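Participant: Have a look at this prediction, sequence included:
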Amino acid sequence: HSSAQELKNSNITFELQGTEVPDSIMNVVLYSATVWSNYIATKTPIRVSVSWQELQSNVNAYAKPTNYYAINGIYYPCALAEKILGKNLNGSNADIEVVINKNITWHLNPETIPSEGIYDLATTLIHEFAHGLGLIGNITSDCLLNSDFSTPAIYDMFVCDSVVKPIVYKDANSYSIKSE
């Protein structure tokens, strides 16, 4: 069972594509996209792939950009790069991948408070959409750049040390992580 939904308003278009995702779950995905549509605007549609899978018991859901694009030597998540450049960069492929754990008992009504011990899917997805939109970094916990990228992602540029000095700096034509 495959389902597709579209949210379109004056600010943004979200194209949501789910495979094997129950309609009740897709309705909450649409609600979460609606929340984000109040805060971001772009003329390029944001395509979201949603899947309903068995994940590890300590993972409720996750979302991530499907790709990054370098602009002036810094990586931007797909949806943000498309907004900045004003064009589609990846054809009909999704910009964001969202995966929801089907083994979780989810609270599905965003208008009510969940019972104790029940996870709220809307709150979880609003949070995960932030990661999918690119609020994520490439600096590891030991202050190294993720091995997938030789340059930082845009949000890495705002990471500071304990005295509020940026830890990423550009030296000539490359980026480095400040070491103490």
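Facilitator: Perfect, I can see it now.

Participant: Only the buried residues of the helix or strand in which residue 64 is found, if you could.
Facilitator: Of the helices and strands defined by DSSP states H and E, residue 64 is found in strand 61-65. Along strand 61-65, these residues count as buried under the neighbour rule (16 or more other C-beta atoms under 10 Å): 61, 63-65. All C-beta atoms are positioned from the backbone trio N, CA, C, and that covers glycine.

Participant: go on, stretch 109-122?
Facilitator: Taking 16+ other C-beta under 10 Å as the basis for neighbour counts, the residues of stretch 109-122 that come out buried are 110, 114, 120-122.

Participant: Quick one: mark the members of those that sit in helices.
Facilitator: For those, membership in helices holds for 121-122, with DSSP state H as the criterion.

Participant: just the buried residues of stretch 109-122 now: which is nearest residue 80?
Facilitator: Proximity of the buried residues of stretch 109-122 to residue 80 (C-beta to C-beta) peaks at residue 122, which lies at 23.1 Å.

Participant: so who does that closest one touch?
Facilitator: Under the criterion of C-beta atoms under 8 Å, 6 or more residues apart in numbering, the contact partners of residue 122 comprise 28, 31-32, 35, 110.

Participant: ok, now residue 42?
Facilitator: For residue 42, counting by C-beta under 8 Å, 6+ apart, the contacting residues are 11-12, 79, 82-83.

Participant: pretty sure residue 110 is touching residue 28, no?
Facilitator: Yes - at 6.6 Å, residue 110 counts as touching residue 28 under the criterion of C-beta atoms under 8 Å.

Participant: coming back round to it: any chance of the buried residues of strand 61-65 in a markdown table, plus distance to residue 96 and pLDDT?
Facilitator: Formatted as a markdown table, the buried residues of strand 61-65 follow (distance: C-beta to C-beta, whole Å; pLDDT from 0 to 100):
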| residue | distance to residue 96 | pLDDT |
| --- | --- | --- |
| 61 | 12 | 97 |
| 63 | 6 | 95 |
| 64 | 7 | 92 |
| 65 | 6 | 92 |
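
Participant: Nearest to residue 7 among those?
Facilitator: Among the buried residues of strand 61-65, residue 63 lies closest to residue 7 (C-beta to C-beta), at 16.0 Å.

Participant: Can you report phi and psi for the residue positioned nearest the centre of the chain?
Facilitator: Taking C-alpha atoms, centre = their mean, the centroid of the chain lies closest to residue 132, which sits 0.9 Å from it. Reported as degrees, to the nearest 10, the phi and psi values for residue 132 are phi -60, psi -30.
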